[in-house]
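> here you go, sequence then predicted model.
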Amino acid sequence: MKDKEPMRKIILSLVAALVLIGCATTMENGVKMTKAERRAQQIATVREVLNDRYYSVEIDMMHPQRYPSKQVNFGYSLTIHGDSIYSYLPYLGRAYRVPYGGGKALHFEALIDDYREGYLKDNIRRIEILTHNEEDRYLYVVEVFETGSASVYVSCENREHIHYTGDIDMDHKRPK
């Protein structure tokens, strides 16, 4: 029995090493990439789409001011295409002045009045977008981490503010 124990440890060590090597590399377009290379590529892609001002934030959670956080289904997003904003976001909260029937809430498209960006820290990019439509004025604050995760804060004049979290859609490319 004692003779088999060292051999068993060697075999388990080899299996563990093979699993770790398999986790450290992946195939990307037929080319093996390490986790560090894949992360660097992801960071570069996030920078590129933000610099082009042609990106979409896919929403997965909403955080209303007066209600508990809620997971949302696919399809909700905030999209920026150059000088236009396409807001398709769920809203839950108190409205102060809205048209009869509830109005558009955060489902609209409009031109961007003002677009400012900067960095909070080395890895967080902060974008402020001012826009309006016939119902309200909106301030969208988008904070994007270098890995592509994002937070969207929306402040309106006629509704309570609301916060969303999600990810930058890496496949959202500018049409050629």
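That came through, no problem.
> what's the burial count for E157?
12 (other C-beta atoms under 10 Å). To be clear about C-beta, it is placed using only N, CA and C from the backbone, and glycine gets the same treatment.
> before we move on, what's the pLDDT of the closest residue to it other than its chain neighbours?
Distances taken as C-beta to C-beta, 6 or more residues apart in numbering put R137 closest to E157, at 5.1 Å, once the chain neighbours are dropped. According to the prediction, R137 has pLDDT 95.
> what segments of this structure are helices?
4-24, 35-52 (DSSP state H).
> in terms of mean pLDDT, which of these ranks lowest?
With a mean of 63, helix 4-24 has the lowest mean pLDDT of the helices of the chain.
> lowest average confidence, helix or strand, in the chain?
strand 25-28 (a mean of 48; mean pLDDT, DSSP states H and E).
> tell me the contacts of Y96?
Counting by C-beta atoms under 8 Å, 6 or more residues apart in numbering, Y96 touches N158, R159.
> for V141, see how far away it is.
The gap separating Y96 from V141 is 20 Å, by C-beta to C-beta, to the nearest Å.
> please identify the buried residues of stretch 160-176?
E160, I162, H163, Y164, T165, G166, D167, I168, M170, H172 (16 or more other C-beta atoms under 10 Å).
> which residues sit against that stretch?
Against stretch 160-176 from outside (C-beta under 8 Å, 6+ apart): 42, 45-46, 49-50, 52, 54-66, 76-79, 89, 91-95, 106, 144, 148-155.
> now do stretch 103-113
By C-beta under 8 Å, 6+ apart, stretch 103-113 touches 80, 83-91, 95, 98, 129-133, 135, 138, 154, 159, 162.
> try it again at 6 Å.
83-89, 91, 129-131, 133, 135 (C-beta atoms under 6 Å, 6 or more residues apart in numbering).
> what pLDDT, on average, does that stretch get?
Computed over stretch 103-113, the mean pLDDT rounds to 92.
> cool, and stretch 81-95?
93.
> can you count the residues close to P6?
9.
> spatially nearest residue to I129, not counting backbone neighbours?
Nearest in space to I129, with sequence neighbours left out and distances taken as C-beta to C-beta, 6+ apart, is Y140 at 4.3 Å.
> returning to that earlier point: which of the contacts of stretch 103-113 ranks first by neighbour count?
S87 (24 neighbours).
> what sits against that residue?
For S87, the contact set (C-beta under 6 Å, 6+ apart) comprises L78, L106, F108.
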